[in-house]
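Student: What follows is a predicted protein model with its sequence.
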Amino acid sequence: MEAQLDDGAFSIDAFCEWAGIGRTATYEEINNGKLCAKKRGGRTLIPKQSARDWLANLRAAKAAA
């Protein structure tokens with residue numbers, strides 16, 4: 001059986017658009033170890049699986065009373 005390839009990575013700008021958060025918040029998540037990022041030359045890339053894991057690990061929003 002052939003191993004499945006990962007489905008790519010987001011640039012910082014693409015991740016921000018996908019996640020609906022800004023660049024500062026994105027870099028805070030990376031620096032706090034909550035979001036995995038990789039470097040390729042001067043580019044910072046966020047593997048899409050890491051982005052999905054990050055989203056799944058956010059705390060649930062509470063319903064308004």
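Tutor: Perfect, thanks for sending it.
Student: Just say helix, strand or coil for residue 45.
Tutor: strand (DSSP: H, G, I helix; E, B strand; the rest coil).
Student: Spatially nearest residue to it, not counting backbone neighbours?
Tutor: Of all residues not flanking residue 45 in the chain, residue 9 sits nearest, at 4.0 Å (C-beta to C-beta, 6 or more residues apart in numbering). (Each C-beta comes from the backbone N, C-alpha and C, glycine too.)
Student: What about residue 10, how many residues nearby?
Tutor: By the measure other C-beta atoms under 10 Å, the count of residues near residue 10 is 20.
Student: actually residue 23, not the one I wrote
Tutor: Around residue 23 there are 11 other residues, counting by other C-beta under 10 Å.
Student: just residue 24 next, same as before
Tutor: Residue neighbour count, defined by other C-beta under 10 Å, stands at 9 for residue 24.
Student: what sits against the residue nearest to residue 45?
Tutor: By C-beta atoms under 8 Å, 6 or more residues apart in numbering, the residues touching residue 9 are 38, 45-48.
Student: For my notes, please list those in CSV and give distance to residue 32 and neighbour count for each entry.
Tutor: Written out in CSV, the entries for the contacts of residue 9 read as follows (distance: C-beta to C-beta, whole Å; neighbours: other C-beta atoms under 10 Å):
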residue, distance to residue 32, neighbour count
38, 17, 11
45, 18, 18
46, 14, 24
47, 17, 17
48, 20, 16
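Student: circling back: so how far is residue 27 from the residue nearest to residue 45?
Tutor: 16 Å (C-beta to C-beta, to the nearest Å).
Student: what do you get for residue 14?
Tutor: Between residue 14 and residue 27 the distance, using C-beta to C-beta, works out to 15 Å.
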